[in-house]
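Student: 3D, please:
(chains A and B)
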Amino acid sequence: MPSFATSPGTRDILAPDSARWRRFQQVFADVVETAGFGHIIPPMFEDLGVFLRVGESTEIVTKEMYDFEDKGGRRVALRPEQTASVCRAFVEHRPVTPWKVWYAGPNFRYEKPQQGRYRQFDQVGVEVLGVDDPQLDAEVIALGMEFYRRLGLTKVRLSLNSLGDSGDRDRYASALRTHFSSNIDALSAESRATLERNPLRVLDSKRAEDAQLIAASPRMADHLSPAAEEHFLQVQTSLRAAGVTFHVDDRLVRGLDYYRRTTFEFVSESLTAAHTAIGGGGRYDGLVADLGGPDTPGIGFALGLDRTLLACDAEGVFGAPQSRVDVFVVDATGGSEAGVICTELRTVGIGADRAYERRSMKAQMKSADRSGAPVCIIVGDDERNANTAILRTMEGGSQHIVQRDDLVAQVRRALGR
RNA sequence: GUGGGCGUAGCUCAGUUGGCUAGAGCGCCAGGUUGUGGUCCUGGAGGUCGCGGGUUCGAGCCCCGUCGUCCACCCCA
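Tutor: As a prediction, this is how the structure comes out:
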C-alpha cells in the first residue's frame, strides 16, 4: 500500500496521455496565434477579490474556492477560472486595445469529482478586451469551432443566446422570479433554492418536474433592449457569413454572473454523460470596470481540456501520439560503448536509448523491442575490437555490419533521413 | 453538499452458504537459446484482501465506522 496518493480530484497525467495534452495545447496555440492572439500566463493564485467578481450567486465563488491566507496575511485564492485574471491583468497593464490573448493551464475548484470534473482541471481559452463589434463575437466563436475541427471533432453543436445588457438581464431575472414564485408549488425543491440565488439558472434545471414550468416561463428574447437585440442579430448574421452553423437557445444561461449579451456553449453530441458542454463563453462587458478599470467591453471562451478529450475519445479522433526513440543501442561489452554511441546519435538529433546494469543481450533486445525504436545497434566484443557495429532493422530482423566511423551516417540512412 | 455502486498482485478481475498455505490472465524478471527482440515452453518475484474496530472456534466474505474511487444529483468546463 503506498503511503501517499494524489489528493481527491487531482491526478498524474502520464505518457502517452501527457503527450496528447501537450499536442492539444499546441494545436490550440497554432489556431489562435494565427488569428493574432498573444499568449498570457496569469498566476495560479490571486487576491481573493479578483474572483469574487465572477459572481456571488455562483457556487464557484460561494463554496468551491480554494482560498487561504498566506504567511503575509493576504487573502488569496487558487484561480477557479482565468477570465477574471485576464481582466485584472488588463487593468494592471493597460495594454492597447483590442487586446487579444489566449491561455492554457489549470484551474481549481473544490467540487466533488466525477466524470469529466476534477478539482484541478485544465482549460484553454481566449479573451478580447476593448472591442464592442458583433463581428468580433462571431470571429471568437468561429475560432472555437475551428479548433474543434482541427482536433478532428465533427459532432460539436453551437448553442447561442443573448442575455441582453445588464439592465435587460436584471429585468428578465425579476420577470423569471415573479413567474416561478407565483408557481412555487410546482417547482422542485432544488430549483426553489436556485431561484433564491439566481433565477436565470432555474432554466438550466434538468429535473422533469420543472420542465413544464420552464417551458411556460418568460422568454429572454422579449426582454432585450433594441440595442442588445440588434447586436445579437448582427452576431448571427456574421456567423452565417462565416459558415458557422448554430442554433439559438434562449434557455441557455451561463453560470457566471458577469456574462452580458452574447453567450454561447459548445456541446458535444457524442457524449452521453451529464457533461456534454465541452466549452463556453460570452461577453462580460462590465467585468473590467468591476475590477477598477475603465469601462471596457470583453468577450472570450474557455474550453475544458478533459471534456474535449472525452469527446475526442467518443469520436475516435485525436488519439495519444506514441513517443519512441529512433534507435536502441544494445551493448554486450559492459555498457560504455552504448553510452558513447547514444551521445553521438543524440548530438545530431537522433533519438537514442539503451539498457543498463549489464543485462543479458536477450534482455537488452527485449528492451529494444519495447522501446519501439525501428532500428537497433548491437555492439559486442568482436565488434568493438574490429571497430564495427551491427545495425539491425527491428521489423523483419535483417542486420548488417557497419564501420564504427560510418555508424551515424548508416543509422541516418536506415531511418530514411 | 446529497444519494448509490465498488475497493483482492503493477494492470484487469475470480474467490461458492464464513472453513486448508488467497487464485487466474496480462505485465515484470530469469532460464530454455554461452551473441539477438516479437511466437512458444518452464520457473520465479510480487498481497498487511484500502484502513480501524466488532461478531465468530474461524472473516477477503457478515456488522459498524473511516478513507479512497466511480456514477448520478447539485454545480459547472
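
Student: so what's the residue count around the one residue in the stretch 101-250 of chain A that gets nearest to RNA strand B?
Tutor: As assessed by C-beta to the nearest atom of the strand, RNA strand B sits closest to residue A:115 within the stretch 101-250 of chain A, at 2.9 Å. C-beta here means a position set from N, CA and C on the backbone, and glycine is covered the same way. The number of residues packed near residue A:115 is 12, by other C-beta atoms under 10 Å.

Student: give me the pLDDT value at it.
Tutor: Listed pLDDT for residue A:115 reads 82.

Student: cool, the one 5 residues further on as well?
Tutor: Among the per-residue scores, residue A:120 shows a pLDDT of 94.

Student: give me the beta-bridge partners of it?
Tutor: Listed beta-bridge partners, residue A:120: residue A:108 (assigned using DSSP bridges).

Student: contact residues of the stretch 301-417 of chain A facing RNA strand B?
Tutor: Within the stretch 301-417 of chain A, the positions adjacent to RNA strand B are A:302-304, A:306-307, A:332, A:359-363, A:365-370, A:378-383, A:390, A:392, A:394-397, A:399 by C-beta under 7 Å from any atom of the strand.

Student: buried among those residues? Need that as a selection in PyMOL.
Tutor: Of those, the buried ones go into a single PyMOL selection, burial set by 16 or more other C-beta atoms under 10 Å:
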select buried, chain A and resi 302+303+304+306+307+332+359+365+367+368+378+379+383+390+392+394
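
Student: can you measure across stretch A:30-48, start residue to end residue?
Tutor: 32 Å (C-alpha to C-alpha, to the nearest Å).

Student: off-centre distance for it?
Tutor: 12 Å (C-alpha atoms, centre = their mean, to the nearest Å).

Student: ranges for the strands of the stretch 151-300 of chain A?
Tutor: Taking DSSP state E, counting those that start in this stretch, the strands of the stretch 151-300 of chain A run over residues A:156-162, A:247-248, A:260-268, A:277-283, A:298-304.

Student: please render those strands as a markdown table that adds mean pLDDT and distance to residue A:53 to the earlier fields.
Tutor: Output for the strands of the stretch 151-300 of chain A, formatted as a markdown table (pLDDT from 0 to 100; distance: least, C-beta to C-beta, whole Å):
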| stretch | mean pLDDT | distance to residue A:53 |
| --- | --- | --- |
| strand A:156-162 | 94 | 21 |
| strand A:247-248 | 92 | 28 |
| strand A:260-268 | 93 | 13 |
| strand A:277-283 | 93 | 15 |
| strand A:298-304 | 95 | 12 |
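
Student: in TSV: these, plus distance to residue A:136.
Tutor: Below are the strands of the stretch 151-300 of chain A laid out as TSV (distance: least, C-beta to C-beta, whole Å):
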stretch	distance to residue A:136
strand A:156-162	15
strand A:247-248	19
strand A:260-268	10
strand A:277-283	10
strand A:298-304	6
